[in-house]
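next input, structure requested:
(one chain, ligands or ions: 3)
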Amino acid sequence: MKMTEPATPHDAGVVVVDHPLVQHKLTLMRERQTATSAFRQLARELSMLLGYEAMRDLPLEPVEIDTPLERMEARRLAGKKLCLVSILRAGNGILDGLLDLVPSARIGHVGLYRDPETLEPVEYYLKLPDDVGNRICLVVDPMLATGHSAVAAIDRLKQAGCNRMVFVCLLASPEGVACLRRAHPDVRIVTCAIDRGLDEHGYIRPGLGDAGDRLFGTK
Ligand SMILES: O=P(O)(O)OC[C@H]1O[C@H](OP(=O)(O)OP(=O)(O)O)[C@H](O)[C@@H]1O
Ligand SMILES: O=c1cc[nH]c(=O)[nH]1
Ligand SMILES: [Mg+2]
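Numbering: from 1, shown residues only. Ligands and ions are numbered 1, 2, ... in the order given. Modelled structure (predicted):
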């Protein structure tokens with residue numbers, strides 16, 4: 001596990017999971033010839049590995065249990081069940097892997113698409129658990145490009161009362177990291193890599209292309 005170069009001085013809120021398995025799977029996802037089925041499966045596997053890191057700080061509480069041999073004080077997750085918030089539609093590609101880890105998590109959806117001209121997010125759907133403000137949220141989207149979509153989704157969650165969030169993405173740009181850290185310095189970012197930068201269309205370079213289109217086979 002490695003902290004990246006700080007997005008702002010002393011910024012410890014960005015975690016790049018540089019485990020060899022993660023980097024290998026990310027390389028397979030990046031490759032142009034990777035088929036839709038493999039791309040989906042890799043997204044699911046990487047989500048589990050990122051989720052493991054994103055959940056590192058979850059609070060635990062003591063619980064008395066009986067093993068086959070004796071009674072002991074063990075530990076279990078404390079508080080309400082997690083909420084996973086998918087930024088539609090590509091966020092759904094990393095929801096399944098996280099659900100493999102925490103099958104009882106609640107799920108919220110924020111529907112956003114990025115206007116190709118302005119690169120500003122346009123909201124078309126919002127559905128969150130009523131009590132989302134009492135839950136720790138993992139906000140998920142494969143790509144953090146300009147950062148506008150992530151900032152808009154987290155704005156929405158804060159309006160709904162949520163104040164404990166982690167943002168999980170497969171790939172980030174330095175611009176996106178800076179934008180999200182500036183707008184929401186309380187939200188930790190967990191990602192597989194931070195690439196070189198954005199091109200004139202707001203795509204991450206070298207990147208992996210359009211995550212939504214590759215997950216759902218729409219282009
Ligand atoms: O950081 P940003 O510059 O906002 O870009 C990132 C957003 O762009 C992509 O979604 P897109 O708008 O393509 O929608 P989709 O998920 O429906 O493909 C991606 O999944 C993010 O949500
Ligand atoms: O590189 C990018 C940027 C935004 N959305 C994507 O899917 N890919
Ligand atoms: Mg897309």
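
please enumerate the helices of this structure.
For the chain, the helices defined by DSSP state H cover 20-30, 36-54, 92-101, 148-159, 174-183, 211-216.

sketch out the low-pLDDT regions of the chain for me.
Across the chain, the ranges flagged by pLDDT under 70 are 1-11.

residues from this protein in reach of ligand 3?
Neighbours of ligand 3 within the chain, by C-beta under 5 Å from the ion: 210, 212. For the C-beta atoms, the positions are set from N, CA and C on the backbone; glycine is no exception.

where is the longest strand in the chain?
strand 106-114 (DSSP state E).

can I get it as PDB, trimmed to CA atoms?
Presented in PDB, the C-alpha positions along strand 106-114 are these (Å, rounded to 0.1, in the frame of the first residue of the first chain):
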ATOM      1  CA  ARG A 106     -27.600  -1.000   1.600                       C
ATOM      2  CA  ILE A 107     -27.400   0.600  -1.800                       C
ATOM      3  CA  GLY A 108     -28.000   4.100  -3.100                       C
ATOM      4  CA  HIS A 109     -27.900   5.300  -6.700                       C
ATOM      5  CA  VAL A 110     -27.000   8.700  -8.100                       C
ATOM      6  CA  GLY A 111     -27.600   8.900 -11.800                       C
ATOM      7  CA  LEU A 112     -25.200  11.300 -13.500                       C
ATOM      8  CA  TYR A 113     -23.900  11.600 -17.000                       C
ATOM      9  CA  ARG A 114     -21.200  13.900 -18.100                       C
END
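
just checking, what packs against it?
Counting contacts by 3 or more C-beta pairs under 8 Å, 6 or more residues apart in numbering; DSSP states H and E, strand 106-114 packs against strand 83-88, strand 121-127, helix 148-159.

what's the closest of those to His184?
Closest to His184 of those, according to C-beta to C-beta: helix 148-159, at 5.1 Å.

how close does Ala43 sit to ligand 3?
13 Å (C-beta to the ion, to the nearest Å).

how about Leu60?
37 Å.

could you find the closest non-adjacent residue to that residue?
Once flanking residues are discounted, Leu60 sits nearest to Arg75: 4.3 Å by C-beta to C-beta, 6 or more residues apart in numbering.

now Pro116
His201 (7.3 Å).

right, and that neighbour touches Arg114 too?
No: between His201 and Arg114 no contact is recorded; they are 10.2 Å apart, counting by C-beta atoms under 8 Å.

make JSON lines out of the helices of the chain and add mean neighbour count and distance to Pro142.
As requested, the helices of the chain are exported to JSON lines (neighbours: other C-beta atoms under 10 Å; distance: least, C-beta to C-beta, whole Å):
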{"stretch": "helix 20-30", "mean neighbour count": "15", "distance to Pro142": "9"}
{"stretch": "helix 36-54", "mean neighbour count": "19", "distance to Pro142": "7"}
{"stretch": "helix 92-101", "mean neighbour count": "20", "distance to Pro142": "6"}
{"stretch": "helix 148-159", "mean neighbour count": "21", "distance to Pro142": "11"}
{"stretch": "helix 174-183", "mean neighbour count": "20", "distance to Pro142": "12"}
{"stretch": "helix 211-216", "mean neighbour count": "19", "distance to Pro142": "4"}
